[in-house]
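Enquirer: Next one to model:
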Amino acid sequence: MRFAKTITPIAVAVGALLAVVPFSASADVTVKIGFAAPLTGPNASYGKDLQDGVQMALDDAKAQGIKINGQPASFQLVAEDDQADPKTGSQVAQKLVDEGVNVIVGHFNSGTTIPASEIYQKAGVPDIDPAATNPIITGRGYENVFMVISSDAQNAGTAGTYAVQTTKAKRIAIIDDRTAFGQGEADEFEKAVKKAGGNIVGREYTTNSATDFKTQLTKLKGVNPDLIFVAALNPQAAGIMKQMRQLGIKAQFVGGGGVKDIDFIKLAGDSAQGALAWEYGRPLDSTPVGKEFASKFKAKFGVDVLSYAPFGYDAAWTAIKAMQAANSIKPEDYRPKLKAISFDGITGHIAFNSNGSLKQGSSTVYEVKNGQWVTVATKAGL
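Expert: Down below sits the predicted model:
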């Protein structure tokens, strides 16, 4: 009995400690941020740029001590490589759903985003799209799909109107890479040109793996265009620009989204001079927050922003702010807050139309001058 009386207080104390430890360890709420983009293959540089933007947002949220429902939030990035392939994109989409992520930021290509978003819709997990731009993505009316980037209807549509009304092109031709992104851009550009009273004299197609475009360009040369709109990513866009000049085609080159980066200038060489490119959003160096983001990004990752990192950053913060407002990481709780979100991000004001597309998405046209991309004008979208 003396032994039992001696040990009982110790046992009680140890039991109390064991009761406290699990409670303390569970104080943080873990938020799984799913991410999918091409991390290998020809588009890997874009995917990595996008991933770094998302990671920077999560690191900033941690530094700010973000809380959800009064608990410190621990943000975990669950990244998957979709290889810019629709089939693989669907597979990694299901994998992310099975992993129990609380939200998705992705994908990069429209061709992967369209089928993957169907999986997210069925699973009830919101997908915040930072880069894919085909209007079909939000055109289906899915309640779980949102875009923090201008759609092709906004970007390529603005480019088409500009080509007719500002560039004053009389004979306009188009070439696209037949991907969901490229064809979507080309279709929206053509619609806008015709709506503005412009004249489409030719349209040709290539692929996103082609290197020789002389057959298509020779056909376009025969219809004597004064402007050619190219809906393709690098290196195809740069190859088209270079071969245009080799064939003596003097038409104005106008690229869609994804053309304006340093790789285009490197690949096109001297031919890049005078090229125009329409990109989503406003120039980073046009605002104090944009300049600060670019500086912090370079210091953190050792490279300059390529293209889409700011959109990845804004997409991640869109999810975080919605969860904060709902005091919950459950989609059914924070989805209504997501639909009503309104804040100023790095890329501009973030708010959604009823279908999840970005309200008033802006687009900027750039020109290559002396080996550098120079801002020409920024236009508000729809």
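
Enquirer: could you say what helices and strands the helix or strand harbouring V164 packs with?
Expert: Using DSSP states H and E, V164 maps to helix 152-165. Packing partners of helix 152-165 (3 or more Cβ pairs under 8 Å, 6 or more residues apart in numbering; DSSP states H and E): helix 180-195, strand 227-231, strand 276-280, strand 362-369, strand 372-380. Every C-beta, even on glycine, is put in place using the N, C-alpha and C of the backbone.

Enquirer: contacting residues for P126?
Expert: 103-104, 120, 144-146, 319, 331, 334-335, 338 (Cβ atoms under 8 Å, 6 or more residues apart in numbering).

Enquirer: G312 sits in which helix or strand?
Expert: helix 309-326.

Enquirer: Taking strand 276-280 as reference, get the angle to that helix.
Expert: 10 degrees (axes from the mean of the first three to the mean of the last three Cα atoms, to 10 degrees).

Enquirer: Between helix 309-326 and the next helix or strand along the chain from helix 309-326, find me the angle.
Expert: Counting by DSSP H and E, the next helix or strand C-terminal to helix 309-326 is helix 331-339. Orientation of helix 331-339 against helix 309-326 (the same axes, to 10 degrees) gives an angle of 120 degrees.

Enquirer: Next up, phi/psi of P283, please.
Expert: Reported as degrees, to the nearest 10, the phi and psi values for P283 are phi -60, psi 140.

Enquirer: ok, which stretches of this structure are helices?
Expert: If DSSP state H is used as the criterion, the helices of the chain fall at 2-25, 44-63, 86-99, 110-123, 136-139, 152-165, 180-195, 214-221, 236-246, 262-268, 288-301, 309-326, 331-339.

Enquirer: Any buried residues in the fifth one, and which?
Expert: The neighbour-count check on helix 136-139 (16 or more other Cβ atoms under 10 Å) flags 137-138 as buried.

Enquirer: One more: the fourth one?
Expert: With burial defined by 16+ other Cβ under 10 Å, the residues of helix 110-123 counted as buried are 110-114, 116-121, 123.

Enquirer: Include pLDDT and distance to Y313 when you put those into JSON lines, please.
Expert: JSON lines is the format used below for the buried residues of helix 110-123 (pLDDT from 0 to 100; distance: Cβ to Cβ, whole Å):
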{"residue": "S110", "pLDDT": "94", "distance to Y313": "21"}
{"residue": "G111", "pLDDT": "94", "distance to Y313": "24"}
{"residue": "T112", "pLDDT": "97", "distance to Y313": "21"}
{"residue": "T113", "pLDDT": "98", "distance to Y313": "18"}
{"residue": "I114", "pLDDT": "97", "distance to Y313": "23"}
{"residue": "A116", "pLDDT": "98", "distance to Y313": "21"}
{"residue": "S117", "pLDDT": "98", "distance to Y313": "21"}
{"residue": "E118", "pLDDT": "98", "distance to Y313": "26"}
{"residue": "I119", "pLDDT": "98", "distance to Y313": "25"}
{"residue": "Y120", "pLDDT": "98", "distance to Y313": "20"}
{"residue": "Q121", "pLDDT": "98", "distance to Y313": "24"}
{"residue": "A123", "pLDDT": "98", "distance to Y313": "25"}
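
Enquirer: which residues sit in contact with the residue nearest the centre of the chain?
Expert: The chain has A131 as the residue nearest its centroid, 1.8 Å off, counting by Cα atoms, centre = their mean. By Cβ under 8 Å, 6+ apart, the contact list for A131 reads 37, 46, 50, 107-109, 149, 308, 311-312.

Enquirer: if you set the cut-off to 10 Å instead, what comes out?
Expert: Counting by Cβ atoms under 10 Å, 6 or more residues apart in numbering, A131 touches 37, 46-47, 49-50, 53, 105-110, 113, 147-149, 181, 257-258, 280, 307-308, 311-312, 315.

Enquirer: so who does the residue nearest to S328 when sequence neighbours are not counted touch?
Expert: Of all residues not flanking S328 in the chain, Y334 sits nearest, at 5.7 Å (Cβ to Cβ, 6 or more residues apart in numbering). If you count contacts by Cβ under 10 Å, 6+ apart, Y334 has them with 68, 102-103, 126, 319-328, 341.

Enquirer: switch the cut-off to 8 Å
Expert: Per Cβ under 8 Å, 6+ apart, neighbours of Y334: 126, 319, 322-323, 325-326, 328.

Enquirer: And R203, by the same measure?
Expert: 173-176, 186, 190.

Enquirer: so which of these comes closest to L358?
Expert: A186 (20.8 Å; Cβ to Cβ).

Enquirer: Quickly note the distance from that closest one to G89.
Expert: 22 Å (Cβ to Cβ, to the nearest Å).

Enquirer: Between the two, which is the more surrounded one?
Expert: G89 (29 against 26; other Cβ atoms under 10 Å).

Enquirer: so who does that one touch?
Expert: 36, 82-83, 107, 109, 111-113, 115-116.

Enquirer: would you turn these into JSON lines with distance to G222?
Expert: Shown next, in JSON lines, are these (distance: Cβ to Cβ, whole Å):
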{"residue": "A36", "distance to G222": "42"}
{"residue": "D82", "distance to G222": "39"}
{"residue": "Q83", "distance to G222": "37"}
{"residue": "H107", "distance to G222": "38"}
{"residue": "N109", "distance to G222": "32"}
{"residue": "G111", "distance to G222": "31"}
{"residue": "T112", "distance to G222": "36"}
{"residue": "T113", "distance to G222": "36"}
{"residue": "P115", "distance to G222": "38"}
{"residue": "A116", "distance to G222": "40"}
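
Enquirer: of all those residues, which comes closest to A159?
Expert: Nearest to A159 among the contacts of G89, with distances taken as Cβ to Cβ, is N109, at 19.6 Å.

Enquirer: Sounds good, over and out.
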